[in-house]
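A.B. asks: generate coordinates for the sequence data below:
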Amino acid sequence: MYAGVMKDNRSVSRLQLEKVSHSFGQVSVLHDLSLVVNHGEVVVLVGPSGCGKSTILNVLSGHIIPLSGLVRSEGVVRTIHQQDGLFPWLTVSENIAMGLRSMKDTAHRTKEVSELINLVHLEGFEHHYPHQLSGGMRQRVELARVLAGDSDILLMDEPFSALDYQSRLRMRRELIRLLQLRLRTVVFVTHDIEEAAQLADRVLVLSGRPATISCELLIDAPRPRDLTDNAVIEAMKKILKELGL
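C.D. replies: Numbers count the residues shown, from 1 in each chain. Alright, predicted model coming up:
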């Protein structure tokens, strides 16, 4: 059975996998995996190393066509990886403008870039190059770029894992602030249980390879969440227990 991929660029974003399976050679990575991500949700995937989390993101983005199952994507998808994808020869403004390539009105594009720079608090760094920025600042430029234009689905593959601990805490809060200002549907992959509990509306705990969803945890608590919030502590306990840790 070959996989079906359906795309619908309506204004309300939604993602769906239905009985998706995929292998790399003889290695089965996903098996009959089904999930739905609704408009405006932040869904976080956690699981053992190598279980297929990044493969799920690549299937959702269309970079991988699974061997079987249905993939449904409604909305414009953009991806953020662990290492930022900034062009080193472009300035902060020019990198952000890459997310607005489809915008023909030059004046409007310039105004939007300025608003995004203000949004991620990088005023004064418009003409800096990536090598002149800290890791956290580069990830803020990356966030501004993927929030630009008509994107409405963000696929985030351990975007903060290369940062030091304090920077990760700041970037989690920054992401939540930006999502409150510019609503997006988010699928977020992380190894960090604390990060999952702070960010997610739902946490999907994956089994070992081939990945299936072994547990779905709803976190019904407002964001931003402090590490000492009861909802965060209880969510971390449940995730750790499910992972056998």
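A.B. asks: residues near L147, how many?
C.D. replies: 21 (other Cβ atoms under 10 Å). For glycine as for every other residue, the C-beta is placed from the backbone atoms N, C-alpha and C.
A.B. asks: hmm, it is touching R177, no?
C.D. replies: No. Using Cβ atoms under 8 Å, L147 is not in contact with R177, being 11.6 Å away.
A.B. asks: check for me that G244 belongs to a strand.
C.D. replies: No. Under the criterion used here (DSSP: H, G, I helix; E, B strand; the rest coil), G244 is coil, not part of a strand.
A.B. asks: look up how far V59 lies from it.
C.D. replies: Using Cβ to Cβ, to the nearest Å, one gets 26 Å for the distance from G244 to V59.
A.B. asks: between the two, which one's more packed in?
C.D. replies: Higher neighbour count among G244 and V59: V59, with 25 against 6, using other Cβ under 10 Å.
A.B. asks: hang on, the more buried one in a helix?
C.D. replies: Yes. The assignment for V59 by three-state DSSP puts it in a helix.
A.B. asks: skip the chain neighbours and tell me the closest residue to it.
C.D. replies: P66 (5.3 Å; Cβ to Cβ, 6 or more residues apart in numbering).
A.B. asks: strands along this protein, start to end?
C.D. replies: 4-7, 14-24, 27-37, 42-46, 68-74, 77-80, 153-157, 185-189, 202-206, 213-218 (DSSP state E).
A.B. asks: distance to F87 added to those strands, as TSV?
C.D. replies: TSV is the format used below for the strands of the chain (distance: least, Cβ to Cβ, whole Å):
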stretch	distance to F87
strand 4-7	27
strand 14-24	28
strand 27-37	29
strand 42-46	28
strand 68-74	26
strand 77-80	15
strand 153-157	19
strand 185-189	24
strand 202-206	33
strand 213-218	36
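A.B. asks: lowest-confidence stretch among those strands?
C.D. replies: Within the strands of the chain, confidence is poorest for strand 4-7, with a mean of 46 (mean pLDDT).
A.B. asks: residues in contact with the longest helix along the chain?
C.D. replies: Counting residues, the longest helix found in the chain (DSSP state H) is helix 165-181. With contacts defined as Cβ atoms under 8 Å, 6 or more residues apart in numbering, helix 165-181 is touched by 42, 119-120, 134-136, 139-140, 143, 147, 159-161, 163, 186, 192, 195, 198-199, 223-224.
A.B. asks: same thing with stretch 235-243?
C.D. replies: 46-48, 193-194, 196-197, 200, 203, 205, 214-215, 217, 219.
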